[in-house]
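S.K.: Give me coordinates for this.
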Amino acid sequence: MIKKPKTDPEGCTGDIRSMQDAIDILSSKWSLLIVHYLITRQGDNNTFKKMEKDIEGISAKMLSKELKNLEINKIVHREVMDTKPVTVQYSVTPYGLETKSVIAALVSWGRKHRGMMFEQ
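M.R.: Predicted coordinates:
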């Protein structure tokens with residue numbers, strides 16, 4: 001027997017679905033770090049090589065995979081520059097900028113959590 005999901009007056013089922021959608025896009029180890037990197041470096045020449053060098057611990061393969069996923073989800077914009085040799089620059093989209101408050105909340109909570117854990 002299939003159970004129909006219960007929905008409370010505030011639309012819990014809808015909230016959970018929305019949260020799951022966000023988690024599916026942003027829950028990898030690297031996605032929010034990449035978005036944060038791009039948000040804090042708006043206007044810079046954020047090339048693949050520069051990002052690979054600056055984001056500690058990420059491999060080229062993983063960076064490529066994450067950037068493709070973020071581009072598909074319209075969080076990151078990829079621009080092929082008319083240069084020789086050809087270079088590609090990445091930037092956060094206006095839609096991607098909407099994650100700024102989520103990232104700020106995670107940074108704040110992470111600081112509190114780290115402080116709590118190391119005070120013991």
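S.K.: my read is Lys53 is in a helix, agree?
M.R.: Yes: assigned with DSSP: H, G, I helix; E, B strand; the rest coil, Lys53 falls within a helix.
S.K.: Need the contact partners of the top helix by length along the chain.
M.R.: Using DSSP state H, we find that the single longest helix of the chain is helix 100-119. Outside helix 100-119, the residues that touch it by CB atoms under 8 Å, 6 or more residues apart in numbering are Ala22, Leu26, Leu32, Val35, His36, Ile39. No exception for glycine: its C-beta is placed from N, CA and C like everyone else's.
S.K.: same check, this time on stretch 15-23
M.R.: Residues from elsewhere that reach stretch 15-23, judged by CB under 8 Å, 6+ apart: Val102.
S.K.: Likewise for stretch 77-91?
M.R.: Leu38, Gln42, Asn45, Asn46, Thr47, Phe48, Met51, Leu67, Glu71, Val76, Val92, Thr93.
S.K.: Return a ChimeraX selection command for the buried portion of these.
M.R.: For the buried members of the contacts of stretch 77-91, the matching ChimeraX selection, counting by 16 or more other CB atoms under 10 Å, is:
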select :38,46,48,51,67,76,92,93
